[in-house]
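Participant: predicted model, plus sequence, below.
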Amino acid sequence: MNTDSLNSMPIAANCLVNRRRFLGQSGVGAAALASLFADDSPAAEKATRSGLPGLPHFAARAKRVIYLFQSGAPSQMDLFDHKPGLHDRRAEELPDSIRKGQRLTGMTSKQESFPVAPSKFKFARRGESGAWVSDLLPHTAKVADDLTFIKTMHTEAINHDPAITFFQTGAQLAGRPCMGSWLAYGLGSGNVDLPAFVALVSGSGGQPLYDRLWGSGFLPSKYQGVKFRSLGDPVLFLSNPAGLTGQIRRRMLDDLAKLNQLQLDQIGDPEIATRIAQYELAFRMQQSVPKLTDTSDEPQHVFDLYGEDAKKPGTYAANCLLARRLAERGVRFIQLFHRGWDQHTTLPEKIGIQCQDTDQGSAALISDLKQRGMLKDTLVVWGGEFGRTVYCQGTLTAEDYGRDHHPRCFTIWMAGGGIKPGVSYGETDDYSYNILDKPVHVHDFHATMLHCLGINHTQLTFKYQGRRHRLTDVAGNVIDELLL
């Protein structure tokens, strides 16, 4: 564009030159947009469903992830991290040599006493691997040989929201893409009729779950997770309005796509391309999603495996079954969020309810995938955002205790998708308070998960605000000992 002609235009006319239109229509603007949206090049746009060119970086053991996120933080020492020596130390003060001046939450920082609260539940070694699993989880105990227990997970946040955000995005502050969005961006979806990333929510009470936990952050919004609901339409606004036929809807979308394409050609905003793609996906989902969520075609032996709750939409067991159906159809990342694990008081009663709601569904998912030959290329993860303290929050009684947040060490398990089965990794001290051997940071976990999917975690990046970001930030090491 001739700058002399611009300078000679009347001031009023100059004001009418929209900045974005100017950038979109000038050569300088085209270059600026190409730089600003470097990762939304035409090649990347074409890869919306198939993933980015060059990915996976190497042969992948896993094609997909099912993440069973236990929101609120399950107590590791009541489920997996057996500490029998604590029974002889019941009600003793937590030694300063163990606590080492580590920070406390605002909920226990004013306590004058920190009495040791041993678990009241029995443990036993399970399967040939001999993994310790509490009697609270009889179904999980039966599949222990298929699982790898990481007992030395640790994180940086001590409160729920930043801790969950950290696990989801690799950062404590909101605004970055979550795990599922990174995989949708890098690997695409295996089914053009379904999203690459689906979120399912169950449970009640406890910490709130915000939609940003399955959001795409600074990635284009086409990579965000789609939340499936248990009531009404599985996805909001999936059904056509009354009186609107599928044929009319198709014509409307065709006309709308033409208008959006005109605007895209003029402005170059990648979110317009996202809008076009999402309208088309929504139209295809009108056919695919109702068939997917209708589990009436499942045989009775499947419901016997998952439990009768699997027939009740919105329950954890039903979501586990739905996760298997999504995995069968090529969805890349399926994340279940189950609330209610935040047990500061009356933990024995509350944790029993949580285990009753989740144990059979989790174990059934492992068995079901294995029977179908899918576990070998499906990575399944179970765990919360941090652990719980060995000392009691509130009053310790003969039958009751509570536990506060504990980010220093906790247990998660992984299965399938290139992970060695039947392994218990890492060691904590006698109080399940500090890590003695083989610590695993959240960034290490992310790096290992991406490795199973054939991704070098340092090479899956997106340029934003002048810097190339990644899920593992500037850290993370693959835990080779966990890999087949």
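Facilitator: Yep, that arrived. As the structure is a computational prediction, the values presented were derived from the model and not from experiment.
Participant: quick check: residue 350 touching residue 356?
Facilitator: No. Residue 350 is beyond contact range of residue 356, at 10.8 Å (criterion: CB atoms under 8 Å). Bear in mind the C-beta positions are built from the backbone N, C-alpha and C, glycine included.
Participant: the more surrounded of these two?
Facilitator: For the pair residue 350 and residue 356, the greater number of neighbours falls to residue 350 (20 against 13), based on other CB atoms under 10 Å.
Participant: so what pLDDT did that one get?
Facilitator: Per-residue pLDDT puts residue 350 at 97.
Participant: mind checking how far it is from residue 79?
Facilitator: 13 Å (CB to CB, to the nearest Å).
Participant: for residue 377, same thing?
Facilitator: Distance from residue 377 to residue 79, by CB to CB: 27 Å.
Participant: what's the answer for residue 351, then?
Facilitator: In this view, residue 351 and residue 79 are 8 Å apart by CB to CB.
Participant: if you count what's nearby, which of those two comes out ahead?
Facilitator: residue 79 (28 against 23).
Participant: isn't the more buried one right up against residue 135?
Facilitator: No. Residue 79 lies out of contact with residue 135 (CB under 8 Å); the separation is 10.0 Å.
Participant: which stretches of the stretch 251-400 of the chain form helices?
Facilitator: 270-293, 300-306, 316-328, 347-371 (DSSP state H, counting those that start in this stretch).
Participant: can you redo the ones you listed as CSV with distance to residue 388?
Facilitator: Conversion of the helices of the stretch 251-400 of the chain to CSV gives the following (distance: least, CB to CB, whole Å):
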stretch, distance to residue 388
helix 270-293, 35
helix 300-306, 28
helix 316-328, 20
helix 347-371, 8
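Participant: would you mind finding the most buried of the ones you listed?
Facilitator: Highest mean neighbour count among those (mean count of other CB atoms under 10 Å): helix 316-328, with a mean of 24.
Participant: what's that one in contact with?
Facilitator: Outside helix 316-328, the residues within contact range by CB atoms under 8 Å, 6 or more residues apart in numbering are 64, 66, 68, 194, 198, 200-203, 228, 230, 292-293, 295, 298, 302, 306-307, 309-312, 334, 336, 338, 357-358, 360-362, 364-365, 368-369, 372, 374, 378.
Participant: nearest spatial neighbour of residue 305, skipping sequence neighbours?
Facilitator: In space, and not counting its chain neighbours, residue 305 is closest to residue 364: 4.6 Å by CB to CB, 6 or more residues apart in numbering.
Participant: ok, now which ones touch that neighbour?
Facilitator: 139, 305, 306, 307, 310, 317, 320, 321.
Participant: so how far is residue 419 from it?
Facilitator: 19 Å.
Participant: list the buried residues in stretch 180-197.
Facilitator: 180-191, 193-197 (16 or more other CB atoms under 10 Å).
Participant: equivalent analysis for stretch 109-122, please.
Facilitator: In stretch 109-122, counting by 16+ other CB under 10 Å, buried: 114, 115, 116, 117, 118, 119, 121.
Participant: can you list contacts of that stretch?
Facilitator: 75, 77-78, 83, 86-87, 89-94, 99, 108, 134-136, 348, 390-393, 396, 399, 401, 403, 431.
Participant: so how far is residue 67 from the residue nearest to residue 374 when sequence neighbours are not counted?
Facilitator: Nearest residue to residue 374, sequence neighbours excluded (CB to CB, 6+ apart): residue 327, at 6.4 Å. To residue 67, residue 327 is 12 Å away according to CB to CB.
Participant: so what's in contact with those two at the same time?
Facilitator: Common neighbours of residue 327 and residue 67 (CB under 8 Å, 6+ apart) are residue 334.
Participant: same for the helix or strand encompassing residue 78, what does it pack against?
Facilitator: Residue 78 belongs to helix 76-79 when assigned by DSSP states H and E. Counting contacts by 3 or more CB pairs under 8 Å, 6 or more residues apart in numbering; DSSP states H and E, helix 76-79 is packed against strand 131-134, helix 347-371, strand 387-388, strand 410-415.
Participant: next SSE downstream of it?
Facilitator: Helix 76-79 is succeeded, C-terminally, by helix 96-99 (DSSP H and E).
Participant: rewinding a little: restricting to C-alpha, output the helix holding residue 78 in PDB.
Facilitator: The C-alpha trace of helix 76-79 is given here as PDB (Å, rounded to 0.1, in the frame of the first residue of the first chain):
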ATOM      1  CA  GLN A  76      -2.400 -42.000  49.900                       C
ATOM      2  CA  MET A  77      -1.800 -43.700  53.300                       C
ATOM      3  CA  ASP A  78      -5.400 -44.900  53.500                       C
ATOM      4  CA  LEU A  79      -5.300 -46.400  50.000                       C
END
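Participant: what is the rounded mean pLDDT of it?
Facilitator: Mean predicted lDDT for helix 76-79 stands at 98.
Participant: residues making contact with it?
Facilitator: 83, 86, 119, 121, 133-134, 136-137, 151, 347, 351, 355, 387-388, 390, 409-411, 432.
Participant: what do you get if the cut-off is 7 Å, keeping everything else the same?
Facilitator: 83, 119, 121, 134, 136-137, 351, 387-388, 390, 410-411, 432 (CB atoms under 7 Å, 6 or more residues apart in numbering).
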